[in-house]
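# Fold the following for me, if possible:
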Amino acid sequence: GEVIAEKFIPFDGEISIVGARFRDGSTRFYPISHNLQQNGILRYSVCDVNLPNQQTYQVQAEQMLGTIMQDLEYVGVMAMECFVVGEKLLINELAPRVHNSGHWTQLGCSISQFELHLRALLDLPTPQLKQIAPSVMVNLIGIEHNNAWLEVPFSQLHWYGKEVRAGRKVGHINLCHPEQAQLIQLLEQLRPHLTDDFHSGLDWAINKLK
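Have a look, this model is predicted:
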């Protein structure tokens, strides 16, 4: 006889932040990423510190996630997804683990989210996290493996070895380049080797970088 009613939120977009808390209470945060969800599944993440309102969202997200991790005395990596409503962030999801939207760190950052998680758990020395260059993560959903993906320069393929099924995450591709225009060209080079359901998301990622 009980229900939960959720208010409809006409949000402008979605961002996420991945951070970590160490045993001594210190924290580290990656630059926020802008995300595109399709059918409830993350399809693309774009991370570029020069995007509009990036610093405004970054400050809010770090304060919000940092407060949560400190109050829980959490140790390790945690991800937080947020709806963007104007210049305000509303938490959509918390994930106490490494996260799809942080996969770009494998190629585009000085320390990947997987290494950061181990450093936090083991209380190892960890420098500040520095993004190497603008980055895009393409989540491979329900698509067969294609060797042509390996022909795209400045990219990195991670294939999970799972049986391919509709709606299933079977891998991801990271792309990273210091020049936005070149990164856009890399995405266009990838386009012919992705099925049609990926193309609208590619257009979204390209528009983010322009």
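# now the residue nearest the centre of the chain, nearest residue through space, not along the chain?
Centrality entry for the chain: nearest residue to the mean C-alpha point is Ser101, 2.0 Å, by C-alpha atoms, centre = their mean. Distances taken as C-beta to C-beta, 6 or more residues apart in numbering put Ser16 closest to Ser101, at 4.1 Å, once the chain neighbours are dropped. Heads up, the C-betas are built off the backbone N, CA and C, glycines and all.
# give the contact list for that neighbour.
With contacts taken as C-beta atoms under 8 Å, 6 or more residues apart in numbering, Ser16 has the following neighbours: Ile32, Ser33, Asn35, Ser45, Ala79, Met80, Glu81, Cys82, His99, Ser101, Gly102.
# so what's Val98 closest to, chain neighbours aside?
In space, Val98 comes closest to Gln113 once its chain neighbours are excluded; the distance is 4.7 Å by C-beta to C-beta, 6+ apart.
# Helices along this protein, start to end?
54-72, 105-108, 113-122, 180-190, 199-209 (DSSP state H).
# which one of those helices lies closest to Glu144?
Each of the helices of the chain was checked against Glu144 via C-beta to C-beta, and the shortest separation belongs to helix 180-190, namely 15.1 Å.
# buried set for the closest one?
For helix 180-190, a neighbour-count test (16 or more other C-beta atoms under 10 Å) marks Gln180, Leu183, Ile184, Gln185, Leu186, Leu187, Leu190 as buried.
# what's the closest of these to Leu202?
Taking the buried residues of helix 180-190 together and measuring to Leu202 by C-beta to C-beta, the closest member is Leu187, at 5.7 Å.
# List the contacts of the closest residue to Arg119 other than its chain neighbours.
Excluding the flanking residues, the one nearest Arg119 by C-beta to C-beta, 6+ apart is Thr126, at 4.6 Å. Under the criterion of C-beta under 8 Å, 6+ apart, the contact partners of Thr126 comprise Phe22, Arg28, Ile111, Leu116, Arg119, Ala120.
# And Thr126, what's its pLDDT?
For Thr126, the pLDDT comes out at 96.
# Among the contacts of Thr126, which one sits closest to Lys169?
Relative to Lys169, and with distances defined as C-beta to C-beta, the nearest of the contacts of Thr126 is Leu116, at 21.2 Å.
# Which strand residues bridge the nearest residue to the closest one once chain neighbours are set aside?
Distance criterion C-beta to C-beta, 6+ apart; nearest residue to Leu116, sequence neighbours excluded, is Ala20 at 5.1 Å. As for beta bridges, Ala20 partners with Arg28, Val77 under DSSP bridges.
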